[in-house]
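Student: no sequence for this one, just the structure:
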Ligand SMILES: NC(=O)c1ccc[n+]([C@@H]2O[C@H](COP(=O)([O-])OP(=O)(O)OC[C@H]3O[C@@H](n4cnc5c(N)ncnc54)[C@H](OP(=O)(O)O)[C@@H]3O)[C@@H](O)[C@H]2O)c1
């Protein structure tokens, strides 16, 4: 099968198209024909070797955590899927989405939302699960709460704005000038242009600040957080670890970070929100698999609006 592999860590050029063996499935896995994948910053962070302590030095590696496609075969222990089903979901931390076929665990995928194309569906899993789990599990978001999303135009941010709205929050989205209209169109009650104004110097106060782009910290935002408010980030820096440990057992404001955990139940929940018209993906660009290096470079620019889809096969 065709796949884009890396044989060493490095710049986008290390992504090379190759013919490789089709993966074999374990009893709890499905073999899927991958129709589409997407780019998440974790892909190029791994490619650059930033996580090599975890990802190791065994090559070749196929990256790509998001997949949407058709089930071709199922392992002997698979209960919920059969050949021909249209699914979307996550590969495990070993990746594998940037290939014509992928072996995925049954408990990391769900049936594809019926109103999305494969390309649209492939942009949902990692980013939307992160937004959902941050707001619901770390933030314990409640109807009527005030929530600020920093990085509201990014892959995680576009879902965070919509999920917070769907869960009944009053949402403020922070983005650059050119993306304010998009953030409003996703349902934000208020938008802040960070080129004009620092939200941390505002007079408003929030129950939750979700820093989807991981640019700030609790100490930088505490004056705009309510006394029992929660700051949540996607980037657990040493400062955030310290703030999180220091605030965990004390009353008052908390600092938390999210580590996304793919699972079927949350994917089914997202599918229901999507089919009910409460959330939708936003695709900035779609690249064919052969142009994955260009897609990675675009993601590395940190200027993508919403998601970058990868068309893998027809
Ligand atoms: N911990 C986890 O489990 C987890 C899961 C998913 C993602 N992440 C991490 O979360 C981060 C965001 O991921 P993503 O997929 O959303 O990235 P992304 O799609 O690449 O984010 C791009 C967006 O960031 C916005 N942006 C850039 N600088 C900004 C700033 N200073 N203030 C506000 N917005 C800014 C840009 O909007 P403007 O052009 O309007 O500035 C752009 O739309 C990445 O570092 C990723 O690795 C972590």
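Tutor: Now that the structure is in, tell me what you want to look at. Everything quoted here is computed from the prediction, not taken from an experiment. Residues are numbered from 1 along each chain as shown.

Student: for residue 129, give me its contacts.
Tutor: Contacts of residue 129 were listed using CB atoms under 8 Å, 6 or more residues apart in numbering, and they are 90, 260, 261, 262, 263, 266, 267, 270. Backbone N, C-alpha and C define where each C-beta goes, glycine included.

Student: so how many other residues sit close to the residue nearest to residue 118 when sequence neighbours are not counted?
Tutor: The shortest distance from residue 118 to any non-neighbouring residue, by CB to CB, 6 or more residues apart in numbering, is to residue 35 (3.7 Å). Applying other CB atoms under 10 Å, we find 22 residues neighbouring residue 35.

Student: quick revisit: from the contacts of residue 129, list the buried ones, please.
Tutor: Those of those that meet the buried threshold are 90, 260, 262, 263, 266, 267, 270, by 16 or more other CB atoms under 10 Å.

Student: the ligand next: which of the residues you listed are close?
Tutor: Restricting the buried ones among the contacts of residue 129 to those near the ligand by CB under 6 Å from any ligand atom leaves residue 260.

Student: can I get the buried ones among the contacts of residue 129 in JSON lines with pLDDT?
Tutor: Listed next are these as JSON lines, based on pLDDT from 0 to 100:
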{"residue": "90", "pLDDT": "98"}
{"residue": "260", "pLDDT": "97"}
{"residue": "262", "pLDDT": "98"}
{"residue": "263", "pLDDT": "98"}
{"residue": "266", "pLDDT": "98"}
{"residue": "267", "pLDDT": "98"}
{"residue": "270", "pLDDT": "98"}
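
Student: rewinding a little: report the two of the contacts of residue 129 separated the most.
Tutor: Greatest spatial distance among those (CB to CB): 261 and 270, at 13.6 Å.

Student: and the buried ones among the contacts of residue 129, which is closest to the ligand?
Tutor: Nearest to the ligand out of these is residue 260 (CB to the nearest ligand atom; 3.5 Å).

Student: my read: the closest one touches residue 130, true?
Tutor: Yes - counting by CB atoms under 8 Å, residue 260 touches residue 130, with 4.2 Å between them.
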